[in-house]
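Undergrad: only geometry, no sequence info:
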């Protein structure tokens, strides 16, 4: 049986119309070049700090404000659904 065993041939396929650099088969995200949090350096605390720094230094701060407002509204809707008593925060002393 060892006489008929053949090695697999290599198949070096190059796309006909690809004119870019690197491999056309490499999967890469659309915004990977802009993100600094993709490197896997450090633990979860370092990554969280990088995310916070990145959101503070974002060029469009109006987007960050809009996200905070949306999150606050969703939290209030959630509290309303579970019948949380909001008068705890507005009590008369």
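TA: Yes, it's here. Bear in mind that the values here come from a model prediction, so they are computed numbers and not experimental data. Numbering: from 1, shown residues only.
Undergrad: okay, now residue 51: neighbour count?
TA: 13 (other C-beta atoms under 10 Å). Quick note: C-beta positions are derived from backbone N, CA and C, even for glycine.
Undergrad: make that residue 60, sorry
TA: For residue 60, using other C-beta under 10 Å, the count is 8.
Undergrad: what ranges do the helices span in this protein?
TA: Secondary structure of the chain (DSSP state H): helices at 44-56, 61-81.
Undergrad: quick one: those as JSON lines, columns for distance to residue 16 too.
TA: Below are the helices of the chain laid out as JSON lines (distance: least, C-beta to C-beta, whole Å):
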{"stretch": "helix 44-56", "distance to residue 16": "40"}
{"stretch": "helix 61-81", "distance to residue 16": "41"}
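Undergrad: among those helices, show the one with the smallest mean pLDDT.
TA: Ranked by mean pLDDT, these bottom out at helix 44-56, which scores a mean of 79.
Undergrad: distance of residue 23 from residue 12?
TA: For residue 23, the distance to residue 12 (C-beta to C-beta, to the nearest Å) stands at 12 Å.
Undergrad: of the two, who's got more company?
TA: Comparing residue 23 with residue 12 by other C-beta under 10 Å, the one with more neighbours is residue 23, at 10 against 5.
Undergrad: tell me how far the more buried one lies from residue 87.
TA: 61 Å.
Undergrad: got it, and residue 60?
TA: For residue 60 relative to residue 87 (C-beta to C-beta), the value is 37 Å.
Undergrad: how about residue 48?
TA: 34 Å.
Undergrad: neighbour count: those two, which is higher?
TA: residue 48 (12 against 8).
Undergrad: please name the residues that touch that one.
TA: Applying C-beta atoms under 8 Å, 6 or more residues apart in numbering to residue 48 gives no contacts.
Undergrad: change the start of the numbering to 857 and stick with it
TA: With 857 as the first residue, the last one maps to residue 904.
Undergrad: for burial, what's the neighbour tally of residue 869?
TA: For residue 869, using other C-beta under 10 Å, the count is 6.
Undergrad: and residue 909, by the same measure?
TA: 12.
Undergrad: ok, it to residue 929 distance?
TA: 26 Å.
Undergrad: same thing with residue 907?
TA: Residue 907 is 22 Å from residue 929, by C-beta to C-beta.
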